[in-house]
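S.K.: For reference, the sequence and a predicted model appear below.
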Amino acid sequence: MLPIPLARLRPALALVLALLAAGPVRAQREGLLDVGSPLSDLLERQAAAGHLGTSVGLLPISAAEGAVLLDTLAARALRGEVALSRADAELLARYQGRSPATAFGRRAPLGLYADGVSPVSYQGDGYAFEASPLLYLAAGPTRRTAVAGRDGSGLVYQNSRGLRVAGHLGRLFFESRALENQRRPALLDYSVPRRTTPRLGFVKLSGGDTYDYFSAEGVVGYRDRFVEARFGRTRNRWGPGQGTLFLSDYAAPYDHLQLRASAGPVRYASTFARFTTPDRSAIGGDGVLPSKYGAFHQLTLTVGRVELEAFEAVVFHDDTLNGNRSGFEIGYLNPVIFYRSVESELGSGDNALIGLGGAVRPVDGVQAYGQVLIDEFVARTFFEDAWTNKWGLLAGVHAVDLVPGLEARAEYARLRPYLYGHRTEASAYVHYNDVLGHPAGPNASDAAVFLRYRPSAAVTAALNVARTRRGRDPDSVYVGADPRVPYTNRVSDVAPTLDGVAQTEWLVEARLGYEVLPRLVVEGAAVYQSLDDAERGRDRALTGLLQLRWGLPFRSERF
C-alpha cells in the first residue's frame with residue numbers, strides 16, 4: 001500500500017478531532033444567509049458535490065435551514081463519507097461554533113465573536129440575538145472613455161455604512177438591516193426621469209456622477225420541520241446557476257410573502273410579491289408609484305443524482321384592459337394551482353411564464369444543469385423567427401474541488417426577443433428598470449465563467465468573466481430588446497435573435513481577499529467593463545479597487 005502524505009491527512013484529522021471534542025453547538029448565524037456569503041457559498045459547493053443529498057437552489061435560505069444542512073455535512077464527514085477541503089472544513093467548524101473566533105487562531109477580546117461569526121451575540125433558552133456592523137468601503141482609480149462629459153480618468157468609490165440585527169424566538173426568526181450609501185461608478189448608467197440605476201431602487205444623483213441612496217431590508221418568518229413562511233423585503237434567486245432564467249437577484253429588493261415546504265425528496269416554494277414601475281416623470285417628485293404584482297412557485301423533485309424542477313410565474317397590475325381589477329388577484333394566492341389556467345379564465349390579461357429545469361451529477365463534484373423558460377408559444381411557428389417564440393434556454397456546469405479549494409462554473413444562456421415583455425410596461429417581468437429573470441435581458445446570448453479558489457477560510461481569490469451579445473432596439477424602433485416596451489409596438493412579426501443594433505458587452509471581475517475577522521475582509525479588486533455598440537461606439541473602463549468589507553458579500557456589477 002502506498003503511504004499517504006501527512007499533509008493530505010491534516011484537514012480530515014482536524015475536522016474529526018474538532019467534531020469529537022465539540023460540546024453543544026452554540027448559536028448558528030441568524031436570519032437569512034446572504035447570497036454570496038461564505039456560508040451560502042459553502043452550502044452551494046457541498047450541494048454540487050453531492051454531500052448534502054439536496055440542492056440549495058432557492059436562495060436565500062434561512063439560517064435555521066442552513067444549520068440543518070451543516071449538521072448533515074458534519075455527520076457525513078465524521079463517518080468518512082465525504083472529504084472536505086481545508087477551507088470548507090474550517091468554515092464548517094466556524095459555523096457550528098467549534099473554532100476560534102479569529103482568522104489568527106485566537107479568540108477576540110471583550111467577549112466579541114462569542115458565536116464565532118457575529119461581533120455581538122447573545123443566546124438563551126429558545127432564543128438568540130446577534131448584531132453586526134455593515135461596511136463596504138472601496139476606492140480606486142479608473143481609466144475610461146469619455147462618459148457624460150467626464151475625461152478618461154478619475155476616482156471611483158463605494159461608501160456604504162449600516163447595521164444588521166437578527167435573531168429568533170422559538171420558531172420565529174427575524175432580520176433587519178439598513179445602509180446609507182454613496183457610490184461613484186466607473187460607467188454612469190442612471191435613468192434621470194425615473195431616478196433609478198441598475199440593481200437599485202430609488203437613487204438620487206449627486207454632483208452629476210455619484211449615486212446617493214438609502215437601502216433597508218427586513219424579514220420575519222416562522223419555520224418548523226416541514227414548513228417555512230416568511231414576509232419581508234429582500235431579493236431572491238431561484239435556480240441552480242448564477243444567472244437563472246426564472247427569478248434572479250439582479251433587480252432591487254421587493255416586498256413579498258414566501259412559503260416553503262419540504263418532505264423527503266420533494267421541495268416546494270411559492271412567493272407573492274409587489275413590484276413597481278418608477279414612472280416619476282408622470283407623477284412628479286412626490287406621489288405613490290404604481291404597483292404591480294407577481295406570483296411565483298416552483299416544485300423540485302430529487303431522485304438520486306438527478307433533480308427535476310417545474311416553475312411558473314405571473315405578473316399583473318391593477319388596471320387590466322377592461323379596468324376592472326383593484327389590488328392583488330385572489331386567484332393567484334392559491335399555492336397549488338396552475339397560474340396559466342387562472343390567468344386564462346380571468347381573460348388572459350396577465351403575463352404568465354412557465355418553465356422546466358434539471359440538474360444531474362454524473363460524478364461527485366460535478367453538476368450539470370439547465371433551464372427552459374417559455375413566455376409565449378405557438379406550435380406552428382416554433383421553428384421560425386416569429387415574435388411569438390418568446391423563450392429562453394440556459395445550460396451550465398459547476399465543478400468543485402478540482403484541486404482542493406478550487407471551483408469552476410460555466411454558463412450559457414440564449415434569450416429570444418420579446419421575452420419577459422407584455423402588453424404594457426405594468427405587466428412586464430420587470431421591477432424598477434431591471435428584469436426579474438436573467439440579467440442579460442431579451443434578444444441576447446450570454447456566456448460566463450466563474451472561478452474561485454479558497455486555500456483556507458481566510459483567503460479567497462475569484463475571477464468572473466461574462467460576454468454578452470445582444471441586439472439593441474434602434475432609436476424609435478422596437479425589435480424586442482427592452483421588456484418595458486409593450487410588444488404591440490413591434491415593427492415586424494419576424495424577430496430573429498440578435499436583430500437590431502449589434503452590441504457586445506464584456507465584464508471581467510478579479511479579486512483577492514483576506515479575512516481578518518469573520519466577514520471582515522480586506523480585498524484588492526480589478527474590474528473591466530466594455531460595451532461596444534455598432535452605432536454609438538465603445539464605452540470601456542478599467543478600475544482598480546482597494547476594498548474593506550464587513551458583513552457584506554462582494555458587489556458584482558451583475559451577478
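M.R.: Happy to help now that I have it.

S.K.: Tell me the helices and strands packed up against the helix or strand containing residue 183.
M.R.: Using DSSP states H and E, residue 183 sits in strand 172-184. Secondary-structure packing of strand 172-184 (3 or more CB pairs under 8 Å, 6 or more residues apart in numbering; DSSP states H and E): strand 153-169, strand 210-223. Bear in mind the C-beta positions are built from the backbone N, C-alpha and C, glycine included.

S.K.: 10 Å instead, please
M.R.: helix 63-78, strand 127-144, strand 153-169, strand 204-206, strand 210-223, strand 227-234 (3 or more CB pairs under 10 Å, 6 or more residues apart in numbering; DSSP states H and E).

S.K.: closest to residue 366 out of the ones you listed?
M.R.: Checking the helices and strands packed on strand 172-184 against residue 366 by CB to CB gives helix 63-78 as the closest, at 18.3 Å.

S.K.: orientation of whatever helix or strand comes next after that closest one relative to helix 63-78 in degrees?
M.R.: Following helix 63-78 in sequence order, the next helix or strand is helix 86-95 (DSSP H and E). Our comparison of helix 86-95 with helix 63-78, counting by axes from the mean of the first three to the mean of the last three CA atoms, to 10 degrees, yields an angle of 130 degrees.

S.K.: hang on, residue 208 in a helix?
M.R.: No. Residue state for residue 208 (DSSP: H, G, I helix; E, B strand; the rest coil) corresponds to coil; a helix is not indicated.

S.K.: pLDDT at it, what is it?
M.R.: Confidence at residue 208, expressed as pLDDT, is 87.

S.K.: now residue 283
M.R.: pLDDT at residue 283 comes out at 56.

S.K.: before we move on, what about residue 99?
M.R.: Residue 99 is given a pLDDT of 69.

S.K.: same deal with residue 461?
M.R.: So, for residue 461, pLDDT stands at 98.

S.K.: how close does it get to residue 535?
M.R.: Computed with CB to CB, to the nearest Å, the distance linking residue 461 and residue 535 is 38 Å.

S.K.: neighbour-wise, which of these two wins?
M.R.: A side-by-side neighbour count of residue 461 and residue 535, using other CB atoms under 10 Å, places residue 461 first with 15 against 10.

S.K.: What is the neighbour count of residue 124?
M.R.: Neighbours of residue 124 using other CB under 10 Å come to 7.

S.K.: Point out where the chain drops to low pLDDT.
M.R.: By pLDDT under 70, the weakly predicted segments of the chain are 1-28, 99-110, 146-152, 280-286, 319-326, 348.

S.K.: hang on, the earlier thing: which one, of the helices and strands packed on strand 172-184, ends up nearest to residue 472?
M.R.: strand 127-144 (20.4 Å).

S.K.: Which neighbouring elements make contact with the closest one?
M.R.: strand 120-124, strand 153-169, strand 172-184, strand 520-533, strand 537-550.

S.K.: my read: residue 121 touches residue 127, true?
M.R.: No. Counting by CB atoms under 10 Å, residue 121 does not reach residue 127; the two are 11.6 Å apart.

S.K.: Can you pick out the residue with more neighbours from these two?
M.R.: residue 121 (23 against 13).

S.K.: can you map out the strands along the stretch 201-350 of the chain?
M.R.: 204-206, 210-223, 227-234, 237-238, 254-263, 266-276, 291-303, 306-317 (DSSP state E, counting those that start in this stretch).

S.K.: how far is the shortest one from where the chain is centred?
M.R.: Shown here is strand 237-238, whose average C-alpha point lies 6 Å from the average C-alpha point of the whole chain (CA atoms, centre = their mean, to the nearest Å).

S.K.: And the contacts of that strand?
M.R.: 35-36, 40, 57-60, 243-250, 269, 271, 296-298, 300, 309, 311, 313, 357, 559 (CB atoms under 10 Å, 6 or more residues apart in numbering).

S.K.: Can you verify my assumption that residue 371 contacts residue 354?
M.R.: No. Shown here, residue 371 and residue 354 do not form a contact pair, counting by CB under 10 Å, at 11.6 Å.

S.K.: Looking at these two, which one has more neighbours?
M.R.: residue 371 (26 against 18).

S.K.: If the more buried one is in a bridge, with which residues?
M.R.: On DSSP bridges, the residues paired with residue 371 through beta bridges are residue 357, residue 394.

S.K.: I'd like the distance between it and residue 410.
M.R.: Here the distance between residue 371 and residue 410 works out to 15 Å (CB to CB).

S.K.: Thanks a lot, catch you later.
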